[in-house]
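Q: Quick one, structure for this:
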Amino acid sequence: MDPTQLLAPLSPLGSPAPYWFLVLFKILGFTLHMTAMHLWYAGPVVALLLCWRGGTHAAVLSSRFMKQLPVIVAYGVNFGIVPLLFTQLAYYRVFYPATILMAWPWFSVFVLLTFAYYGVYLYAGGLHHQMTRFRQAAGWAAAVGFIVIGFLFANSFSLMTNVPAWPGLWESTSVAGAPTGTALNTADPTLWPRWLMMFGLALTTTAAYLALDAGVFAAAEGAAYRSWVSRFALKLYSVGSVWFAVTGAWYVFGTWQPSVRHDMFSGPLLVLTVLTAFSPGLPWLFLVAQVRAGGLRRGLGFAAAFAQFDVLAFNAVSRQVVQNLELRPFLDAAAEPVHMQWSPLLLFLALFVSGLAVILWMVRKVIAAAPSTPA
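A: I've put the predicted structure just below:
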């Protein structure tokens with residue numbers, strides 16, 4: 001079977017906005033989503049392990065992070081709506097067939113996320129009142145649930161570009177020609193390094209956030225705690241960077257198609273590839289400076305956080321370019337006819353900007369309310 005026969009048909013309505021607009025907000029939304037998503041992808045595992053095997057400072061760090069996690073999850077989920085929306089708009093011809101093939105695992109994401117969210121609240125409630133074994137188990141279940149969700153997302157988005165595998169997956173999971181929605185993209189060699197690479201990147205984001213929390217919000221915990229956290233954040237960032245480098249090399253040199261690798265290592269795209277690979281070096285240097293300052297410099301905490309946001313942005317742009325290169329034999333999303341729909345477009349822009357403004361206002365209030373001296 002020709003795999004292009006399984007592509008969704010062209011929409012008679014056309015694209016509601018130019019391709020550059022759709023992909024711009026897809027990348028921006030994904031970067032914002034990753035910023036929060038990484039914290040509940042890798043952060044709970046780190047925090048719970050510290051609570052289990054760490055000392056006094058580790059227990060304080062774990063408690064602080066898990067108390068903040070319900071709000072972080074809320075931000076991550078809401079920011080995730082934006083890239084998912086624009087993926088469906090710009091890449092609907094491959095998004096919908098891929099998620100139909102794995103419909104039940106894809107649908108389970110919503111169930112897993114609901115239970116993981118409740119698990120986070122139960123654990124955080126125990127930190128405020130009384131920690132029971134049930135609440136501890138709920139925290140660990142939430143941590144595992146978030147990792148499984150990441151695995152399912154890696155399946156769906158790698159399956160979007162693995163068009164040649166669709167006929168085989170359809171035939172092996174269909175009944176009388178109807179797909180049962182039980183397929184997974186586990187045979188795709190790009191899946192495993194992508195999933196693991198994202199976890200390594202999440203470790204670096206978690207480390208940068210812990211440095212920000214220690215430098216900006218944790219003055220009441222004292223200088224000794226902040227100094228310990230800055231050292232721990234540097235170690236965690238170093239581990240995450242090595243993890244990211246090893247799995248990234250596996251992904252790039254072990255699974256990329258020769259044509260994709262040629263394009264990403266030539267011309268202007270070579271600059272993007274190099275920046276993506278080495279961008280974690282700048283936040284790492286800020287964390288080194290934070291350690292030397294004893295974890296007491298607010299500016300260095302902000303600098304590490306902003307530099308890490310750039311790391312995520314470079315990765316989002318590179319991922320988008322690679323996605324287009326992988327889909328090039330089957331789909332040109334930029335060639336879709338455009339029929340502007342101004343009313344939903346302007347409404348989205350107004351709500352997006354106002355939402356960001358509210359979030360920034362909330363963050364400023366939290367920073368202003370943070371104690372500037374130890375309690």
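Q: where do the strands sit along the stretch 51-200 of the chain?
A: Using DSSP state E, counting those that start in this stretch, the strands of the stretch 51-200 of the chain run over residues 174-175, 178-179.
Q: Now Ser15. Its backbone dihedrals?
A: phi -80, psi 140 (degrees, to the nearest 10).
Q: For burial, what's the neighbour tally of it?
A: By the measure other CB atoms under 10 Å, the count of residues near Ser15 is 21. (Glycine included, C-beta is placed from N, CA and C.)
Q: Find the nearest non-adjacent residue to it, please.
A: Once flanking residues are discounted, Ser15 sits nearest to Glu336: 4.4 Å by CB to CB, 6 or more residues apart in numbering.
Q: One more: Ala58?
A: Counting by CB to CB, 6+ apart, Leu50 is the residue found nearest to Ala58 once chain neighbours are left out, at 4.0 Å.
Q: show me what contacts the one you found?
A: By CB atoms under 8 Å, 6 or more residues apart in numbering, the contact set of Leu50 is 58-59, 61-62.
Q: swap the cut-off to 7 Å and go again
A: For Leu50, the contacting residues are 58, 61-62, by CB atoms under 7 Å, 6 or more residues apart in numbering.
Q: Then it would be within a helix, right?
A: Yes - assessed by DSSP: H, G, I helix; E, B strand; the rest coil, Leu50 belongs to a helix.
Q: any idea where the helices of the chain begin and end?
A: Taking DSSP state H as the criterion, the chain carries its helices at 19-41, 43-53, 56-90, 92-101, 103-128, 133-161, 166-172, 191-212, 223-255, 258-264, 268-278, 281-292, 298-327, 342-369.
Q: Go through the ones you listed and name the closest to Asn185.
A: Minimum separation from Asn185 across the helices of the chain (CB to CB) falls at helix 133-161, 4.0 Å.
Q: Buried deepest among the strands of the stretch 51-200 of the chain, which one?
A: Neighbour counts (mean count of other CB atoms under 10 Å) averaged over each of those peak at strand 178-179, with a mean of 14.
Q: Adjacent strands (with direction) for that one?
A: As defined by DSSP bridges, the strand partners of strand 178-179 come to strand 174-175 (antiparallel).
Q: Ala165 contacts Asp188, correct?
A: Yes - using CB atoms under 7 Å, Ala165 is in contact with Asp188, at 6.5 Å.
Q: So the residue nearest to Ser15 sits against Gly14, correct?
A: Yes - taking contacts as CB under 7 Å, Glu336 lies within contact range of Gly14: 6.4 Å.
Q: Between these two, which is the more surrounded one?
A: Glu336 (19 against 12).
Q: Would you enumerate the residues in contact with the more buried one?
A: By CB under 7 Å, 6+ apart, the contact set of Glu336 is 14-15, 19.
Q: circling back to that earlier point, looking at the strands of the stretch 51-200 of the chain, which is closest to Leu85?
A: Ranking the strands of the stretch 51-200 of the chain by their distance to Leu85 (criterion: CB to CB) puts strand 178-179 first, at 24.3 Å.
Q: Other residues contacting that closest one?
A: Contact with strand 178-179 is made by 100-101, 170, 173, as judged by CB under 7 Å, 6+ apart.
Q: Next: stretch 138-150.
A: With CB under 7 Å, 6+ apart as the contact definition, stretch 138-150 has outside contacts at 40-41, 44-45, 48, 66, 109, 112-113, 115-116, 119-120, 122-123, 195, 198.
Q: now that stretch, how far from the centre of its chain.
A: Its chain's average C-alpha position is 15 Å from that of stretch 138-150, according to CA atoms, centre = their mean, to the nearest Å.
Q: now swap in stretch 221-232 and tell me
A: The chain centre lies 27 Å from the centre of stretch 221-232; the measure is CA atoms, centre = their mean.
Q: Isn't Pro193 up against Thr255?
A: Yes - using CB under 7 Å, Pro193 makes contact with Thr255 at a distance of 6.1 Å.
Q: Comparing these two, which shows the higher neighbour count?
A: Taking neighbours as other CB under 10 Å, Pro193 and Thr255 compare with Pro193 leading, 21 against 17.
Q: low-scoring pLDDT stretches of the stretch 251-375 of the chain, where are they?
A: The stretch 251-375 of the chain contains residues with pLDDT under 70 at 370-375.
Q: Turn the strands of the stretch 51-200 of the chain into JSON lines, including distance to Ala137 and mean pLDDT.
A: Converted to JSON lines, the strands of the stretch 51-200 of the chain look like this (distance: least, CB to CB, whole Å; pLDDT from 0 to 100):
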{"stretch": "strand 174-175", "distance to Ala137": "38", "mean pLDDT": "90"}
{"stretch": "strand 178-179", "distance to Ala137": "36", "mean pLDDT": "88"}
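Q: Stretch 86-102: which residues count as buried?
A: Using 16 or more other CB atoms under 10 Å as the test for burial, stretch 86-102 gives 86-87, 89-95, 97-102.
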